[in-house]
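# need coordinates for the following:
(2 chains)
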Amino acid sequence: MTDRLPRPLALLLLALLAVLVLYPLFGPMLFPEKHTFLLQKLTGIMILAILAMSLDLLVGVAGLVSLGHAAFFGLGGYMLAILSPQYDAANIWVVLPLALLAVAGAAALVGFLSIRTSGIYFIMVTLAFGQMGFYLFNDTKLAGGSDGAYIMVKPAVEIAGYALVKLGSKQSFYYVVLGLFVGVYFFFRMLLASPFGRVVRAIGVNENRVRGLGFNPALYKLVAFTIGGTVAGLSGFLAATQYGFVNPSMLSWHHSGEALVMVILGGMGTLFGPVLGAFVFELARLGFESMTEHWLALMGAMVIAIVLLLPKGLAGLLLQVFGDPEPKAEEEE
Amino acid sequence: MTAAMLPAQATRHSTFIEAAGLHTYYGSSHVLHGVDFRVHRGETVALMGRNGMGKSTLLKSILGIVRPRQGRVVVDGIDVTGAETHAIIRRGIAYVPEGRGVFHNLTVAEHLRMAARPGPTGRLDWTYERVLETFPRLAERLDNLGNHLSGGEQQMLSIGRALMTNPELLILDEATEGLAPLIRREIWRVVRAVKETGIASVIVDKNVGVLLDLADRNVILVKGSVVYYGNDLTANSEVLKRHIGV
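Predicted structure coming up:
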């Protein structure tokens, strides 16, 4: 499923990507008043789509349902806030690797401590670690406590003093995020097709069987957890760059839960599904918010409807429509 | 003689698996009652007994999939009692469990490539190409996902994947269960070919006739105890009748 998409589906996804690539060009004509707002909104959604893909690696592929994934997202953002000089631009070539390194370390540690558990216990342990992260930033003066912290100047992307892109420009930042979003997608596709990815996919289906082939599942799950956490950190780093602000709610379990809903809505383990899930979730929120103040009820109804009608998510529907021969998947344990 | 004077690692023990005094429980039910079990290098052992007598449990106890409460397991001269399953497997065992262990989200080619590794002594007899030569049907379905295969093809894939690890010992638990006669014959052909290359095997199967013909040694389990261990079972129709029912 992860290796070959049916051709018509691949074309559809490419067409949607083309819309994203061209949006900054036709946006001002279509939405003269709301263009800038929508540009920022789409940037934000692509950032969340990166988060959703990183969670899909854990939930959909490796079978690790984490409720603490937002902690790595938040940590990525906080690292930028902490590392940035107060009135000056941070050097992206320094802060980004440092931020990702810190998140990778945190993810490896949390993974090491939680991967021995499974099922509901794994959910609980990751939830607990996530909340520890939340309170670390909420209740200490590390970075503004519960008020959060500002990043006054966006990081500079320069080579030898020459600015490659200005992240302050909303349109440039949009394209930077778009590039990273597409890059992360293909990175995960390559990862899943690699020898490492084969083992992780097999673990998601039946861990005992993988052990019976002589692989240590704990090790593979730990590496997958660390990679997923690090990419979530990248997503949080981008979110912090976009808004110029971080606060503890970035790490909260609500946020982990929303990411999980995006993955489930979109279709677990399909990578493109969670991306669609992020778009549908965020665009629906936008639409419902403008309709009524009781928009949360509408969101809930939509989520319930999709989960009931499409047990394999939007991706499952698309794969069916576009004729992916999907026989009854037999799950033996 | 001290350990240092012994010839280096190259020692190949003639006994590949030596399990002694295994007692295994599922909760409070006592399944294995002090089983001793041995497999010599290159030897084909038929593990026999009616349903529920502990055949699969014995195999799982040796591999650490279930933990015996008492007893010792030695693989190739090294005590692996209490070791992790994947570490025991890496000592040169390929395990084809009951009920076809294919992954529905991996293709045939991915299954084989995933398992590819040289054996514990560095031997590399079974390559991707050789496995496909042995199972031409798999070669025609390289891009099929695991759940797009017939039962027989799934079993061939399980065995092919096991051979890709270049094992010293192949364990087949009910490998021909539920397969059409033609496919069974195909599988037995491969098992014979494997035997000729000097790989030891432990086979659990319903087909007593084939086992008697194929095995160098027969072991019969009754209620978690070994009641027969030897190689003159063909002459012992009395034993067969009493414990197996044929």
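
# any idea which element the residue positioned nearest the centre of chain B lies in?
Against the mean C-alpha coordinate of chain B, by C-alpha atoms, centre = their mean, the closest residue is B:I171 at 0.7 Å. If you go by DSSP states H and E, B:I171 is part of strand B:169-173.

# what does B:I17 give?
Using DSSP H and E, B:I17 falls in strand B:15-26.

# direction included, what does the helix or strand just after that strand pair up with?
Sequence-wise, the next helix or strand downstream of strand B:15-26 (DSSP H and E) is strand B:29-40. With DSSP bridges as the test, strand B:29-40 is paired with strand B:15-26 (antiparallel).

# can you list the residues of chain B near chain A?
B:63, B:65, B:84-87, B:89-90, B:95, B:97, B:99, B:101, B:103-107, B:110, B:113-115, B:117, B:145, B:147-148, B:161, B:165 (C-beta under 8 Å from any C-beta of the partner chain). (Each C-beta comes from the backbone N, C-alpha and C, glycine too.)

# so A:V210 lies in a helix, does it not?
Yes - assigned with DSSP: H, G, I helix; E, B strand; the rest coil, A:V210 falls within a helix.

# next up, the contacts around it.
A:V199, A:A202, A:I203, A:P217, A:Y220 (C-beta atoms under 8 Å, 6 or more residues apart in numbering or on different chains).

# could you measure from the second one over to B:A115?
In this case it means A:A202. 10 Å (C-beta to C-beta, to the nearest Å).

# and the residues of chain B next to chain A, which of them are in strands?
Among the residues of chain B next to chain A, DSSP state E puts B:Y95 in strands.

# thinking again about what came up before, now do the helix or strand just after the strand holding B:I171: which elements does it pack against?
Next along the chain after strand B:169-173, taking DSSP H and E as the criterion, comes helix B:181-196. Using 3 or more C-beta pairs under 8 Å, 6 or more residues apart in numbering or on different chains; DSSP states H and E, the elements in contact with helix B:181-196 are helix B:151-163, strand B:200-204, helix B:208-214.

# format the ones you listed as a markdown table; extra columns: mean pLDDT.
Shown next, in a markdown table, are the helices and strands packed on helix B:181-196 (pLDDT from 0 to 100):
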| stretch | mean pLDDT |
| --- | --- |
| helix B:151-163 | 91 |
| strand B:200-204 | 94 |
| helix B:208-214 | 87 |
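
# using a markdown table, lay out the ones you listed together with mean neighbour count.
Below are those laid out as a markdown table (neighbours: other C-beta atoms under 10 Å in any protein chain shown):
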| stretch | mean neighbour count |
| --- | --- |
| helix B:151-163 | 24 |
| strand B:200-204 | 24 |
| helix B:208-214 | 16 |
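
# who's in contact with the lowest-mean-pLDDT helix or strand in chain B?
Least confident helix or strand of chain B, by mean pLDDT, DSSP states H and E, is helix B:237-243 with a mean of 77. Residues from elsewhere that reach helix B:237-243, judged by C-beta under 8 Å, 6+ apart: B:M48, B:G49, B:R50, B:V208, B:I220, B:V222, B:V227, B:Y228, B:L233, B:V246.

# of those, buried ones?
Buried members of those, counted by 16 or more other C-beta atoms under 10 Å in any protein chain shown: B:M48, B:G49, B:V208, B:I220, B:V222, B:Y228, B:L233.

# quick one: average pLDDT of the lengthiest helix in chain A?
Counting residues, the longest helix found in chain A (DSSP state H) is helix A:217-243. Averaged over helix A:217-243, pLDDT sits at 96.

# other SSEs contacting the following helix or strand past that helix?
Proceeding N to C from helix A:217-243, the next assigned helix or strand is strand A:245-246, under DSSP H and E. Strand A:245-246 sits against helix A:70-83, strand A:149-150, with contacts defined as 3+ C-beta pairs under 8 Å, 6+ apart.
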